[in-house]
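Novice: pasted the sequence and its predicted model underneath.
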Amino acid sequence: MSDLKTYSNVISNKEIILFLNKLADSLSSPSYGNPDLSAALKKVALSIENKTSVRQAKALVIVDEQFKNMSLEDVKLFINKDQTKSVLISLAKSRFAMGSAKLKKMRLGEIKQQIEGALQHEMSISIISSEAQGSANNRTS
């Protein structure tokens, strides 16, 4: 059983789907293949693909919520770690409402700069807001 767990970490769902589809294609010929088996393999591949897509979509919703609730300091620490381009785009989209189409065309460093700019903007607004609140509390009239 432990060998099965090891192999499941090595072979991705994408690779399994690709293999099943190629095998199904090779068996699809009525003259030398097995069309019924071919159709069944395609159904299995589609089933794996749909389950993976649903799981990934649910994970993205959770991640998006986590990004929205991140503090400014947490965002700063997060972008300074090694993150993939897609993760940074998701952060920028969720936390700072940036358009993902524009970000997808940028390099990783440029995406980080955009996020840092938005982060600095929010930090400055926070400072201005706290200063305004402090001076409002100090007024005597």
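Specialist: Looks like it came in fine.
Novice: in the protein, where is pLDDT below threshold?
Specialist: In the predicted model of the chain, residues 1-10, 52-63, 136, 138-141 satisfy pLDDT under 70.
Novice: where do the helices of it begin and end?
Specialist: All helices of the chain, identified by DSSP state H, fall at 2-10, 13-26, 35-68, 72-80, 85-96, 100-104, 108-138.
Novice: please parse the protein into its domains.
Specialist: 1-69, 70-141 (automatic domain parsing).
Novice: in a markdown table: the ones you listed, plus mean neighbour count.
Specialist: For every residue, glycine as well, the C-beta is placed using N, CA and C. Output for these, formatted as a markdown table (neighbours: other Cβ atoms under 10 Å):
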| stretch | mean neighbour count |
| --- | --- |
| domain 1-69 | 12 |
| domain 70-141 | 13 |
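Novice: I'd say residue 23 and residue 41 touch.
Specialist: Yes - look at residue 23 against residue 41 with Cβ atoms under 8 Å: they come within range, at 5.7 Å.
Novice: quick one, phi psi at residue 33?
Specialist: Main-chain torsions, residue 33, degrees, to the nearest 10: phi -110, psi -150.
Novice: for it, what are its contacts?
Specialist: Residue 33 sits next to 26, 27 when contact means Cβ atoms under 8 Å, 6 or more residues apart in numbering.
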